[in-house]
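Asks: Fold the stuff below for me.
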Amino acid sequence: MDPPAALLAHLQDLTASIGQDDQDLDDTVATLTAALHSTANTYRGFQLTLVENQWPVTLTAFSDRHNVSVGTSLRLPLVLVSPAVDPQSRVVFFAGTPGAFTDLAADLSYALGGIPVERGRTGVDGQPNVIVLDSDLPLVSPVSGLTGLAELSALYRAIGMLVDQGHDIEQAHQVLQRDAAAARVEAHIYATRILRRRMRPS
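Replies: Numbering: from 1, shown residues only. Below is the predicted model:
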């Protein structure tokens, strides 16, 4: 399998393993990291964000080469890898040497049927079908970890509770968002509150 196709296959595996078995996740991260090291020898790490029901779950994995500063980034929308994901889901790769991902971006563009490559576009905008170089710098926090999974779990449990009370799933989402906005808190905080209330003895 050629490097871009292998990298895309590893990303599909990683996207599917978030929230599943921890060992599978560790193995997939290790495989993806090895593939990226072979592509850019100053590879530094990556940050993968999956958006589920408007809530981001982010896996950040950095190499042990802490002396390598981040000089370039490559952002790939995950909808190009797995059409089932939210269009705002993405992965960003980091490397130390400016220009280290130029060839990889071109190879991925070709492997994905000619997806445009742009440099320096800021933010995550409404056009997910673009590979972006160097817009995710400077790196905010080079700390490995998984964030957002507990919050997403609370949202799902609260939605399930509302469905049990007679709402359909779409209504349950709307009720949760509306009530969270009225309480002036994020949806996952409000979800945790109503779950705690339900668990209190009467």
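Asks: check contacts around the residue most central in space within the chain.
Replies: Centroid check for the chain by CA atoms, centre = their mean gives Thr49 as the closest residue, at 1.1 Å. Residues in contact with Thr49, defined by CB atoms under 8 Å, 6 or more residues apart in numbering, are 56-59, 88-91. The way it works is simple: take the backbone N, C-alpha and C, and place the C-beta from them, glycine included.
Asks: can you tell me which of the residues you listed are in helices?
Replies: Among those, no member falls in helices (DSSP state H).
Asks: Now the buried members of those residues.
Replies: Among the contacts of Thr49, those buried by neighbour count (16 or more other CB atoms under 10 Å) are 56-59, 88-91.
Asks: which of those residues are the two that sit furthest away from each other?
Replies: With CB to CB as the measure, no two of these lie farther apart than Leu59 and Gln88, at 15.3 Å.
Asks: Give me the helices and strands touching the top helix by length along the chain, please.
Replies: As assigned by DSSP H, the longest helix anywhere in the chain is helix 22-39. Here helix 22-39 touches helix 3-17, strand 43-52, strand 55-62, going by 3 or more CB pairs under 8 Å, 6 or more residues apart in numbering; DSSP states H and E.
Asks: Give me the residues contacting that helix.
Replies: Counting by CB under 8 Å, 6+ apart, 3, 6-7, 10-11, 13-14, 17-18, 43, 46, 59, 61, 63, 93, 104 sit against helix 22-39.
Asks: Sticking with Gly166, tell me its helix or strand.
Replies: Using DSSP states H and E, Gly166 sits in no helix or strand.
Asks: Can you tell me the number of residues neighbouring it?
Replies: Applying other CB atoms under 10 Å, we find 8 residues neighbouring Gly166.
Asks: Identify the residues contacting it.
Replies: For Gly166, the contact set (CB under 8 Å, 6+ apart) is empty.
Asks: how deep is Leu32 tucked in, by neighbour count?
Replies: Leu32: 22 surrounding residues under other CB under 10 Å.
Asks: same question, Val92
Replies: Val92 is flanked by 20 other residues according to other CB under 10 Å.
Asks: Quick check: it touching Arg75?
Replies: Yes. Between Val92 and Arg75 there is a contact at 4.7 Å, judged by CB atoms under 8 Å.
Asks: Mind listing the shared neighbours of those two?
Replies: The overlap between the contact sets of Val92 and Arg75 (CB under 8 Å, 6+ apart) consists of Asp136.
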